[in-house]
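Q: Fold the following for me, if possible:
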Amino acid sequence: VSTLVLGLGSIVLARLLGADGYGLYSLSFVVPSILFLGASLGVNFAVVKFVSAAHAKGRFREISNVFNAALIFRAFVGLILSVFGFFFSDFFATVLLNRPAISYLIKLASLLIFLQSLFGVASSFFDGLGKASWSGWLNTLQAFGKVVTAILLVLFGFGVWGAVFGNVLGYLVATLVGLFFGFSTIKYLVSGSTGSSNVLSFGVLKSMILYGFPLYLSVIVVTVTNQYNYVVLARFVSDAEIGGFMVALNITAIITLFVVPVSTVLFPAFSRVEASDRDFLPRVFELAVRYSVLLIVPVSVFVSIYSNELVMLLYGVGFSHAGKYLALYAVLYVVFPLALVVRNYFNGVGLPRETFVMSFLVFLVVLPFSPLLAGVYGVLGVVFSIVLGNCVSVVYGVLRCVRSFGLSFGFGRLFRLYVVSFISGFLVFVVKLFFLDFLFSLFLGGVFFLLFYLTFLGVFKALDCEDLGNLGVMFGRLRFVGWLFRFALRYVGFVGRVKV
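A: I've put the predicted structure just below:
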């Protein structure tokens with residue numbers, strides 16, 4: 001729900017602020033995002049782990065100790081970094097972002113470092129207790145408060161400042177609510193329990209950092225890579241072009257809607273199989289790769305082909321230049337399914353070092369190529385460096401899985417899935433040439449692409465009986481849309497003469 005709210009909010013905000021304003025709005029959060037890395041050190045990962053373990057054993061005083069230690073540590077460090085960002089905003093705006101005029105926006109956005117630090121502890125605490133719905137509710141509250149406030153302030157004439165303030169207010173409200181329920185839950189748990197609660201246990205805090213920091217290394221590298229690209233863009237392109245780049249990233253959220261369900265299932269699946277039946281792990285891995293490609297690649301191909309139409313539909317003529325950025329950026333998701341499964345495999349079987357190496361390889365490629373290409377090709381150069389870096393990372397991950405761990409990707413059937421997506425995309429591109437109205441072209445293109453894709457899945461026998469059965473179990477029971485998946489699978493089986 002929060003993803004949907006933020007997505008719709010970004011569309012409204014971008015239309016209200018325009019390309020230049022939306023670009024400045026995006027740059028306002030670069031410095032706080034970089035500084036925020038120092039406010040966690042992986043403590044949130046540890047909160048989930050330690051709270052979950054203590055709750056399972058009924059050690060409620062220990063839960064209180066973990067929560068207090070994490071909250072005090074993150075509040076202290078977050079406050080220091082917020083103050084640092086506030087007082088050095090002029091330096092960052094001038095030297096780092098080449099935008100001296102947005103110093104006042106960085107000052108305001110720096111408050112987010114402190115608020116997000118506290119919010120992260122509350123959200124992780126509920127995840128550790130097994131109350132993911134509470135954590136989701138907090139995220140929805142934060143998203144709704146942020147979007148509504150930002151839009152209203154922009155409408156009242158506060159411009160980019162109002163949009164940034166909306167972010168701060170959204171986190172403030174959600175953080176206060178999260179901490180209230182967090183303390184209330186702890187009070188309920190520890191009432192009547194034995195043992196003592198410490199306001200701050202340095203032993204607990206040390207254990208949390210030692211556990212969480214190795215897991216956090218990949219997050220650091222990914223975040224630094226992303227923010228580094230914004231710094232490069234700030235040096236070489238205009239505010240309007242940065243706004244267009246952000247629009248391209250926002251629209252790829254369409255693809256991530258298909259990524260999140262797959263990712264949510266894979267990590268625990270690999271962990272369970274690793275613990276119970278290691279011999280079955282290679283087969284689970286191969287199927288995970290196949291089904292990820294099946295779902296994600298066709299969507300990325302369609303988004304790339306209809307990039308201009310999607311930008312026009314969602315953001316309007318003012319962002320028409322973002323179409324070419326989106327077309328190239330969507331290519332990233334052609335290889336992304338492989339990276340998704342490989343990373344989840346490494347994390348699920350306890351190999352976070354390999355995940356870190358994959359992230360670091362992306363950074364090593366982006367570091368020189370992003371500024372070099374941006375100087376010549378602008379935003380397209382930065383996007384190309386991102387795609388290239390991820391391709392290098394995927395090649396490393398695939399080779400490690402095959403050569404070091406003896407895993408199979410089922411390349412023969414995987415090749416068929418890619419061919420089906422590309423052929424469907426080519427045919428739809430030809431169909432697109434005959435229609436001038438972008439709305440009609442987008443609608444008809446979606447219908448034809450789905451029809452071509454399902455048909456060629458059967459013709460090329462890209463799926464076998466086992467696949468159709470597995471997919472029917474996975475998606476056939478989904479509320480509201482399950483019957484659509486069942487109908488599509490029957491159609492694929494009919495075309496391929498496969499009995500479902």
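Q: Which pLDDT value goes with the residue lying closest to D20 once chain neighbours are set aside?
A: Once flanking residues are discounted, D20 sits nearest to D239: 4.3 Å by C-beta to C-beta, 6 or more residues apart in numbering. The C-beta positions use only the backbone N, C-alpha and C, and glycine is treated the same way. For D239, the pLDDT comes out at 93.
Q: Tell me the spacing between D239 and A101.
A: Distance of D239 to A101, given as C-beta to C-beta, to the nearest Å: 10 Å.
Q: same thing with S424?
A: Counting by C-beta to C-beta, the gap from S424 to A101 is 47 Å.
Q: Also L407?
A: From L407 over to A101 (counting by C-beta to C-beta), the distance is 52 Å.
Q: The residue nearest to D20 contacts S28, correct?
A: No: with contact defined as C-beta atoms under 8 Å, D239 does not reach S28; the gap is 11.2 Å.
Q: Comparing the two, which shows the higher neighbour count?
A: Each of D239 and S28 has its neighbours counted (other C-beta atoms under 10 Å); S28 has more, 26 against 22.
Q: quick revisit: neighbour count for S424 and A101, which is higher?
A: Set S424 next to A101 and count neighbours by other C-beta under 10 Å: S424 wins out with 24 against 10.
Q: just for the stretch 151-300 of the chain, where's the confidence low?
A: 192-200, 257-279 (pLDDT under 70).
Q: still on that earlier bit, contacting residues around the residue nearest to D20?
A: Contacts for D239 were tallied using C-beta atoms under 8 Å, 6 or more residues apart in numbering; they are 19-21, 23-24, 27, 99.
Q: Of these, which is the nearest to S441?
A: Proximity to S441 was ranked across the contacts of D239 by C-beta to C-beta; first place goes to A19, at 23.6 Å.
Q: tell me what the helix or strand hosting that closest one is packed against?
A: When elements are assigned from DSSP states H and E, A19 belongs to helix 2-27. Judged by 3 or more C-beta pairs under 8 Å, 6 or more residues apart in numbering; DSSP states H and E, helix 2-27 is in contact with helix 103-109, helix 132-153, helix 159-190, helix 202-236, helix 239-251, helix 253-276, helix 307-315.
Q: Now L463: phi and psi?
A: phi -120, psi 140 (degrees, to the nearest 10).
Q: number of nearby residues for it?
A: By other C-beta under 10 Å, the residues close to L463 number 25.
Q: Next: S207.
A: By the measure other C-beta under 10 Å, the count of residues near S207 is 15.
Q: how close does it sit to V342?
A: In this view, S207 and V342 are 30 Å apart by C-beta to C-beta.
Q: Next: V301.
A: Distance, V301 to V342, using C-beta to C-beta: 21 Å.
Q: Extract the C-alpha set from stretch 398-413 and format it as PDB.
A: This file holds the C-alpha atoms of stretch 398-413, laid out as PDB (Å, rounded to 0.1, in the frame of the first residue of the first chain):
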ATOM      1  CA  VAL A 398      26.400 -16.400 -12.300                       C
ATOM      2  CA  LEU A 399      30.000 -17.700 -12.700                       C
ATOM      3  CA  ARG A 400      30.300 -18.100  -8.900                       C
ATOM      4  CA  CYS A 401      27.100 -20.100  -8.700                       C
ATOM      5  CA  VAL A 402      28.000 -22.400 -11.500                       C
ATOM      6  CA  ARG A 403      31.700 -22.900 -10.900                       C
ATOM      7  CA  SER A 404      32.000 -22.700  -7.100                       C
ATOM      8  CA  PHE A 405      28.600 -24.000  -5.900                       C
ATOM      9  CA  GLY A 406      27.700 -26.400  -8.800                       C
ATOM     10  CA  LEU A 407      24.300 -24.700  -9.400                       C
ATOM     11  CA  SER A 408      22.400 -24.800 -12.700                       C
ATOM     12  CA  PHE A 409      20.500 -22.000 -14.300                       C
ATOM     13  CA  GLY A 410      18.800 -24.200 -16.800                       C
ATOM     14  CA  PHE A 411      20.200 -22.100 -19.600                       C
ATOM     15  CA  GLY A 412      18.400 -23.900 -22.400                       C
ATOM     16  CA  ARG A 413      14.900 -23.200 -21.100                       C
END
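Q: what separates it from the chain centre, distance-wise?
A: 25 Å (C-alpha atoms, centre = their mean, to the nearest Å).
Q: got it, and stretch 221-230?
A: Centroid separation for stretch 221-230 versus its chain: 13 Å, with C-alpha atoms, centre = their mean.
Q: Could you pull out the buried residues of it?
A: Residues 221-222, 224-230 are the ones in stretch 221-230 that count as buried (16 or more other C-beta atoms under 10 Å).
Q: what does stretch 396-404 give?
A: Of the residues in stretch 396-404, those buried (16+ other C-beta under 10 Å) are 396-398, 400-401.
Q: repeat for stretch 52-62
A: 54-55, 59-62.
Q: so what's L414 up against?
A: 289-290, 293.
Q: closest to S441 among these?
A: Of all the contacts of L414, V293 has the smallest distance to S441: 26.5 Å, by C-beta to C-beta.
Q: Which strands or helices does the strand or helix carrying the closest one pack on?
A: Assigned by DSSP H and E, V293 falls within helix 281-305. With contacts taken as 3+ C-beta pairs under 8 Å, 6+ apart, helix 281-305 sits against helix 253-276, helix 322-329, helix 332-348, helix 411-432, helix 438-459, helix 465-475.
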